[in-house]
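> Below: sequence and its predicted model.
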Amino acid sequence: MQSSLLLRLAAASALLPGLSALALDYPPTPRHPVTDSFFGTQVTEDYRWLENGDDPAVKAWGEAQMKLTRATLDALAVRPALGRELKELYSTSPVRYFDMQYRKRFFAMKRQPPKNQPMLVVMGFAGHRRGERVLLDPNALDAGGTTSIDWYAASLDGKYVAVSLSKNGSEDGSAHVIDVATGKEQGDVVPRVNWPTGGGSIAWDAEGAGFFYTRYPQGNERAPQDMNFYQQVYYHKLGTPPSSDTYAIGKEFPRIAETALSSTRDGKYLLASVANGDGGEFSYYLRDASGKWAKFASESDKIRRVELGLDGNLYALSLDGAPRGKVLAMPLGAPDLAKARVVIPEGKATIEDIAPTATRLYAGYMVGGPSEIRVFDLEGKLLATLPTEPVSNNALGERLDNDEVLVRSESFLHSTAWYRYDPRPGRLVQIGLAEPSKVSFDDAEVVREMAKSRDGTRVPVNLVMKKGTKRDGSHPLLLYGYGGYGVSERPHFSLWARAWLDHGGIYATVNLRGGGEFGEAWHKEGNLTRKQNVFDDMIGAAEHVIERGYTKPARLAAVGGSNGGLLMGAILTQRPDLFRAVWSLVGIYDMLRVELTPNGAFNVTEFGTVKDEAQFRALYGYSPYHHVKDGTAYPAVLFSTGENDGRVDPYNSRKMAARLQAADPHGHPILLRTSADTGHGIDTSLEKRVAEDADGLAFLMSELGM
């Protein structure tokens, strides 16, 4: 589920009075009490029957809920115009390139509105779009836009590309092999290389004769409940059936392994990075030129990232005794942590990424939300810090030749730009991998302030508003947060924010604990039994923007998805007086049963388990579903979910919506929006994004009286 959800909101025009003025007749929802016992605590709930999505009664209930939601949102006079406006805005967005790979040739994913899905392209070199060819266009495979590329891996000689394809946002991917010269499929189709639980990965061998890949159980290899666990690494030889693929490694991996594969450019060494679920614990295995695998780092070693160098060394980002990170180096032929040398020691900023080239070592630093890139020599001497815009997001892209790298830069006020950096003249040169946006924020500013959480921790709040905005408490303000898995909330350019500002609104993001903005200690302060700190931080940020005069509760909304959906559920149940409206996407709300779902088991290392008493007490202490109280005046809430979500089971949204509707049936509206052909939001088509975002914006702006 790890993933920082990028909200796809956009412009809206003035709306009619809020939905709360409408009398909603919710579909009847039977109560069937079920009681569980945890360490002597009896927990009773009424809506467990809604967990079975295949039950005809559940399907009928969901259809009735969607009928009400559709009728309610469509009744807003602005909704049709808003949909047209969003379609125009999204469809005319500039071309964007991402996920680059340099393998003799230069490969990239290309997003080209109004196409529903990104395409895979090949070009002569980075930024040289002349001669660009489309290798695979999923839009041509599926007119409905529901087939998508999960990820791809180019062979080391650039002759072939393996592509994981899935449908309907399911992330259930099979690998297809494409001949780069002809653009034709080779006929190799390898099933179950990707799944929402542990993801997937491919690394080609040195000769381009085949590839190593992540494989999920097939046939009768595992019990039905284990089919999306026990990921292992197999080898596929081109031109042979997948049934003849051979086992490489993985029997010793944990049940909730999430494996990423990479190799040196000559293919002699292959690295398997194995995460134990989503909590940030990793082990590492290296395959040498003779084909022998060896484990060189365990979870207890606190290595968070490993990169294979071009100079015969392996570089590791270690948190051992350094919660903000240090970089180690050791020989590829004999990696030994006990003998590793420290190349970059821990500093005040957090190291989050490394990219070794022939004679340089690039390091991406997180500085509380904004980020920067520093350049070192291979002995650890600082040579340069790349020039960046204040409060911006700067990330390393692909390594090129001659110590050059690609750099991506973005901010709240400026859209994504790609640069090539040559360390010898020390120049950043913008290249044609991102067209400038038509949307301007020249009249806007970013203000970064520090809110205070309940325990006194200072939490950054980033506010985007028009210059000269008065702090008179009158402005609609939308607060976004995530706070989990060590994922940092970064400055990002948002099309919807332009319209929000034009309607007198303010947009704010919060760098919550649970993220990685201030290192691993910041993450650990917001996971397992300390998860409540994340919610306290968000509540503190809401109180801050009110106290500072930016807004007031009647004009304050919150939005978040996935782990951020859990955040939405927690803040609306703990402080319903603080928010007027909430939009919660693909969220987790029943924290006592989530670990029984496939991906929920992967989340145990981040959230905890009900099998441990202390962790149960913490989970039960904040579980949103279990803290809804009858008769409480809750904010207006729109729950959005997809039936094919393999990361967060949609029953979470069904149960939470039912419980809130029962608790306050005559209060603000509680709506459930379920999409039949989407999942967690990954690979959602452009058309369906327009529809979802138009619904969400119409709901929020209506409730805030914008």
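In hand now; what should we look at? Note that the structure is a prediction, hence the values are computed from the model and not measured.
> so Gly549 is in which element?
Counting by DSSP states H and E, no helix or strand carries Gly549.
> Per-residue pLDDT of the nearest residue to it once chain neighbours are set aside, please?
Among residues not flanking Gly549 along the chain, Arg471 sits closest, at 3.3 Å (CB to CB, 6 or more residues apart in numbering). (Each C-beta comes from the backbone N, C-alpha and C, glycine too.) You'll see Arg471 listed with a pLDDT of 97.
> How many neighbouring residues does Arg471 have?
Look at Arg471: counted by other CB atoms under 10 Å, it has 14 neighbours.
> A strand includes it, no?
No. Counting by DSSP: H, G, I helix; E, B strand; the rest coil, Arg471 is not found in a strand; it is coil.
> how about the helices in the chain?
56-74, 79-91, 138-141, 495-502, 520-524, 532-547, 563-574, 598-602, 604-607, 613-622, 651-663, 686-704 (DSSP state H).
> Make TSV out of these and add mean neighbour count and distance to Val233.
Below are the helices of the chain laid out as TSV (neighbours: other CB atoms under 10 Å; distance: least, CB to CB, whole Å):
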stretch	mean neighbour count	distance to Val233
helix 56-74	16	38
helix 79-91	18	38
helix 138-141	18	26
helix 495-502	21	40
helix 520-524	20	27
helix 532-547	23	34
helix 563-574	27	28
helix 598-602	23	18
helix 604-607	22	21
helix 613-622	17	31
helix 651-663	25	32
helix 686-704	24	34
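> Minimum distance to Arg448: which of the ones you listed has it?
helix 532-547 (12.1 Å; CB to CB).
> Tell me which residues are up against the closest one.
Applying CB atoms under 8 Å, 6 or more residues apart in numbering, the external contacts of helix 532-547 come out as 449, 451-455, 457, 459, 461, 463, 473, 477, 479, 481, 483-484, 506, 508, 510, 512-514, 525-526, 551-553, 556, 558, 567, 570-571, 574-575, 578-579, 618, 621-622.
> mind checking how far Asp695 is from Leu82?
For Asp695, the distance to Leu82 equals 9 Å [CB to CB, to the nearest Å].
> Same question for Asp266.
From Asp266 to Leu82 the distance is 54 Å (CB to CB).
> what's the answer for Ala209, then?
53 Å.
> and if you look at Asn402?
From Asn402 to Leu82 the distance is 49 Å (CB to CB).
> picking up where we left off before, would you list the helices of the chain in JSON lines and tack on distance to Gly333?
Shown next, in JSON lines, are these (distance: least, CB to CB, whole Å):
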{"stretch": "helix 56-74", "distance to Gly333": "57"}
{"stretch": "helix 79-91", "distance to Gly333": "50"}
{"stretch": "helix 138-141", "distance to Gly333": "41"}
{"stretch": "helix 495-502", "distance to Gly333": "49"}
{"stretch": "helix 520-524", "distance to Gly333": "30"}
{"stretch": "helix 532-547", "distance to Gly333": "43"}
{"stretch": "helix 563-574", "distance to Gly333": "40"}
{"stretch": "helix 598-602", "distance to Gly333": "34"}
{"stretch": "helix 604-607", "distance to Gly333": "32"}
{"stretch": "helix 613-622", "distance to Gly333": "42"}
{"stretch": "helix 651-663", "distance to Gly333": "48"}
{"stretch": "helix 686-704", "distance to Gly333": "48"}
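> could these go into TSV alongside mean pLDDT and distance to Ala395?
Output for the helices of the chain, formatted as TSV (pLDDT from 0 to 100; distance: least, CB to CB, whole Å):
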stretch	mean pLDDT	distance to Ala395
helix 56-74	97	36
helix 79-91	83	24
helix 138-141	96	25
helix 495-502	82	20
helix 520-524	98	19
helix 532-547	98	24
helix 563-574	98	21
helix 598-602	95	25
helix 604-607	98	23
helix 613-622	98	32
helix 651-663	98	31
helix 686-704	92	23
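> Minimum distance to Tyr362: which of those has it?
Using CB to CB, these put helix 520-524 closest to Tyr362, at 20.9 Å.
> Go ahead and measure how far that closest one is from the middle of the chain.
Distance of helix 520-524 from its chain centroid, counting by CA atoms, centre = their mean, to the nearest Å, is 18 Å.
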